[in-house]
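Sequence first, then the predicted structure, then my questions.
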Amino acid sequence: MQGFIKFNKGLLRMSWPVKLWLLLLVAANGVAPLFFLDRVEAQAVLAAMMIGAMLMSLLTARFGFTRILGLGHILWIPLIGWLAFRLGQIPSDDAFGLWVRGVIVVNALSLLIDGVDVYRYAAGDRKELVTGL
């Protein structure tokens, strides 16, 4: 439970640009899927978001609020591939199709950032991203 609390405190202390980016990620992966819950793609995105949040809480408990948190989105790698594979079956001219394509783009960009963060952590940059947690 301490990891969950520390993780959320860390999120709240991030800079405003980072908070806006995180808000976009939560909206795309945690809120928008609720409008499409009858679709397996939305269920998968929501499940990956929830598992990722739990993983990030565990990582925070073990390693602190550090760059290793980028590993929390590891499930997005197969998720993006699977969603991309399904694009031929998903119309691009309705809200659902636009959302799926948006999730692919936003999550792919996030994975690029996460990759850099995890690399930096592995290279020795292990300081807390936010102090006083």
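Now that the structure is in, tell me what you want to look at. Numbers count the residues shown, from 1 in each chain.

residue at max distance from the center of the protein?
Distance from the centre of the chain peaks at residue 93, with 25.4 Å (CA atoms, centre = their mean).

any idea how far it is from residue 36?
Here residue 93 is placed at a distance of 15 Å from residue 36 (CB to CB, to the nearest Å). Quick note: C-beta positions are derived from backbone N, CA and C, even for glycine.

wait, what's in contact with the residue farthest from the centre of the chain?
By CB atoms under 8 Å, 6 or more residues apart in numbering, residue 93 lies in contact with nothing.

Need the per-residue pLDDT for it.
According to the prediction, residue 93 has pLDDT 92.

swap in residue 10?
Predicted confidence (pLDDT) at residue 10: the value is 87.

Neighbours of the nearest residue to it once chain neighbours are set aside, how many?
Nearest non-adjacent residue to residue 10, counting by CB to CB, 6 or more residues apart in numbering: residue 65, 3.7 Å away. Neighbour count of residue 65, defined by other CB atoms under 10 Å: 23.

In this structure residue 65 contacts residue 128, no?
Yes - using CB atoms under 8 Å, residue 65 is in contact with residue 128, at 5.3 Å.
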